[in-house]
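[1] I would like to see how this sequence folds:
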Amino acid sequence: MPARHQRVTAPSDDLAAALEAIRVELGLDAAFPPAAIAEAEAFAAAPRLPDADRTGIPFITIDPEGSTDLDQALHLERDGDGYRVHYAIADVAAFAEPGGAIDAEARRRGQTMYAPDGRVPLHPAVVSEGAASLLAGEVRGAYVWSFGLDAAGRAVRVGLERARVRSRAQRSYAEAQRLLEEGDAMLALLREVGELRIALEAERGGASLDMPEEEIERDGDDYRLVRRELLPVERWNAQLSLMTGMEAARLMLGAGAGILRTMPRPPEADVRAFRAEVAAIGEPWREDEHYGDFLRRLDRSEPSTLAILQAARRLFRGASYRVVDEAADASDASEWVQAAIGAPYAHATAPLRRLVDRFVLAHCEAIANGREVPAWATRGLEGLPEIMQESSRIAGALERASVDAVEIAVLRHRIGEEFDAVVVQARKEGATIQLIDPPTEAMCETDASPGERIRARLTEADLATRSLRFAEAAAG
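    Residues are numbered from 1 along each chain as shown. Below you'll find the model as predicted:
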């Protein structure tokens, strides 16, 4: 499905005010305390780099266009019948002194918050977008994972060290996809490994929604809504991150120390309800087919698929963070599974943007090398699940409210117009619909069933109350 755009062309001062009001409501402030800024500037002036030198590995980064806080760099090569994967992760522990001003502020924030008119970063930009970011051509400190994969893509050897690295190039997703299609050898290996890992995901009962992304782009005083399919290279790149998180979980469970990201398997009642909605939509789903396999094979270009993916969200609920310590039973890995992945898993690849990853990496590096976990990393787990859960709640609220505001700004001058839409979920108070163009989700008064296409008439678009509502248009 090609990306679709809708530009806000009217004066947008009130939209800017609405977006600012959302951040105020959520208590978000991008400014850092002077002490945190001073710490960050001191590190940027004289970064502490590891002794080990891995600058000879030709890493590249693959990120959204224009990214500056680059957490990961990768390199793949053949290794006999298998593969060797190097995955470098930014070394946040080098500048976030335990108990210092940066550390304290990061624990208050939890994660970077993204809004259409800016972001509220986890760390000061002088380090997160500068001295610690894995920018092309710059020597940086990193946690370097080394994976030996067999011919099926399974990790059979895993190493982790802190070392100096230097990325050779920064690629956007679109650029990486183009280079791959033009014959880039290393990116071709990423495709091979990515496809193998997707097959392993299916084998272990993992699942992915792979929802089309709804993004808000800013161009001066104007905004665009963009709904786009993920490029194949994004899925393959994500598999390296998933593999790293799975191996991090394995290390921590084996040592009985650390923190994992868990999610329960969906209750049978939710699976039955989802199956009933799929039947109403009219998509064939065999009784013996796992829901993960079913979701993987759906055609993302079909409008009815949006309804199915929306309904499937109930299968991906209850994610939380769980500390592994002496009081926890880590002997049964099945009790620590992240159900969407189909294996135990930890957040380990985005420390510039997510607090918990810093502590996971410190645990894993010590465990992988037979050393005791640093005391600061052990102490840092106290209260960390609650910090991450609350910051995730705020991030979700910021995203939903911001998208709502921009959608209303796009549509507020079109009251009374009719739009093609797909019903994605039926509720007591009305139905959730997905407009085909512009790509907008809203409430609608209709008796139509999930998966049905309707004509929806816009009845309300109020930016002050962030209310957007439709009613099914009369036939004919």
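
[2] buried ones in the longest helix anywhere in the chain?
    As assigned by DSSP state H, the longest helix anywhere in the chain is helix 384-411. Residues of helix 384-411 classed as buried by neighbour count (16 or more other CB atoms under 10 Å): 384-385, 387-388, 391-392, 394-395, 398-399, 401-411. Using the backbone N, CA and C atoms, a C-beta is placed for each residue, glycine as well.

[3] could you list every residue that touches the closest residue to Gly451 other than its chain neighbours?
    With sequence-adjacent residues excluded and distances taken as CB to CB, 6 or more residues apart in numbering, Gly451 is closest to Ile281, at 2.9 Å. Each residue near Ile281 by CB atoms under 8 Å, 6 or more residues apart in numbering is listed here: 304, 307-308, 311, 449-451.

[4] which stretches of the stretch 301-450 of the chain have low pLDDT?
    Confidence mapping of the stretch 301-450 of the chain against pLDDT under 70 gives the ranges 439.

[5] if we can go back for a sec, now for the longest helix of the chain, which elements pack on it?
    Taking 3 or more CB pairs under 8 Å, 6 or more residues apart in numbering; DSSP states H and E as contact, the helices and strands that helix 384-411 lies on are helix 13-25, strand 113-115, strand 213-219, strand 222-228, strand 320-324, helix 355-368, strand 453-462, strand 467-472.

[6] Would you mind identifying the next helix or strand past the second one?
    Counting by DSSP states H and E, the element after strand 113-115 in chain order, helix or strand, is strand 118-120.

[7] So which bits of the biggest strand by length in the chain are buried?
    Among the elements of type strand in the chain, defined by DSSP state E, the one spanning the most residues is strand 155-172. Under the neighbour-count criterion of 16+ other CB under 10 Å, strand 155-172 has 155, 158, 160, 162-167, 170-172 buried.

[8] and if you look at stretch 413-433?
    Applying a neighbour-count criterion of 16+ other CB under 10 Å, the buried positions in stretch 413-433 are 418-419, 421-426, 430-433.

[9] which one of the residues you listed sits closest to Thr465?
    Gly430 (16.5 Å; CB to CB).

[10] Buried members of the contacts of Ile281 into PyMOL, please.
    To isolate the buried ones among the contacts of Ile281 in PyMOL, judged by 16+ other CB under 10 Å, type:
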select buried, resi 304+307+308+311+450+451
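
[11] now the contacts of Ile281 in a markdown table, with secondary structure?
    Converted to a markdown table, those look like this (DSSP: H, G, I helix; E, B strand; the rest coil):
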| residue | secondary structure |
| --- | --- |
| Ser304 | helix |
| Ala307 | helix |
| Ile308 | helix |
| Ala311 | helix |
| Ser449 | coil |
| Pro450 | coil |
| Gly451 | coil |
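
[12] Between all of the contacts of Ile281, which two are separated the most?
    Among those, the pair separated by the greatest distance (CB to CB) is Ile308 and Ser449, which sit 12.7 Å apart.

[13] in the stretch 51-200 of the chain, which spans are strands?
    In the stretch 51-200 of the chain, the strands defined using DSSP state E, counting those that start in this stretch lie at 59-63, 72-79, 82-90, 113-115, 118-120, 139-149, 155-172.

[14] To Ala101, which of the ones you listed lies closest?
    Comparing the strands of the stretch 51-200 of the chain by their distance to Ala101 (CB to CB), the top pick is strand 118-120, with 17.0 Å.

[15] helices or strands next to the closest one in the packing?
    Under the contact criterion of 3+ CB pairs under 8 Å, 6+ apart, strand 118-120 touches no helix or strand at all.

[16] Sheet-wise, list the partners of it with their directions.
    In its sheet, strand 118-120 lies beside strand 113-115 (antiparallel), with partners assigned from DSSP bridges.

[17] which SSE is Met211 in?
    Secondary structure (DSSP H and E) places Met211 outside all helices and strands.

[18] so it makes contact with Leu309?
    Yes - when contacts are counted by CB atoms under 8 Å, Met211 is listed as touching Leu309 (5.3 Å).

[19] among the buried residues of stretch 413-433, which are in strands?
    By the criterion of DSSP E, membership of the buried residues of stretch 413-433 in strands covers 418-419, 421-426, 430-433.

[20] average pLDDT across the longest strand of the chain?
    The average of the pLDDT scores along strand 155-172 is 98.

[21] Centre of the chain to it, how far?
    From the chain centre to the centre of strand 155-172 is a distance of 20 Å (CA atoms, centre = their mean, to the nearest Å).

[22] what's it packed up against?
    strand 59-63, strand 82-90, strand 139-149, helix 232-255, helix 355-368.

[23] Out of those, indicate the one that is most buried.
    Burial among those, expressed as mean neighbours by mean count of other CB atoms under 10 Å, is greatest for helix 355-368, which shows a mean of 25.

[24] That one packs against which elements?
    Applying 3+ CB pairs under 8 Å, 6+ apart, one finds that helix 355-368 makes contact with helix 101-109, strand 139-149, strand 155-172, helix 232-255, strand 258-262, helix 375-379, helix 384-411.

[25] how about a cut-off of 6 Å?
    Other helices and strands packing on helix 355-368, by 3 or more CB pairs under 6 Å, 6 or more residues apart in numbering; DSSP states H and E, are strand 155-172, helix 232-255, helix 375-379.

[26] quick one: low-confidence parts of the stretch 1-150 of the chain?
    Segments of the stretch 1-150 of the chain classed as low confidence (criterion: pLDDT under 70) are 1-13.
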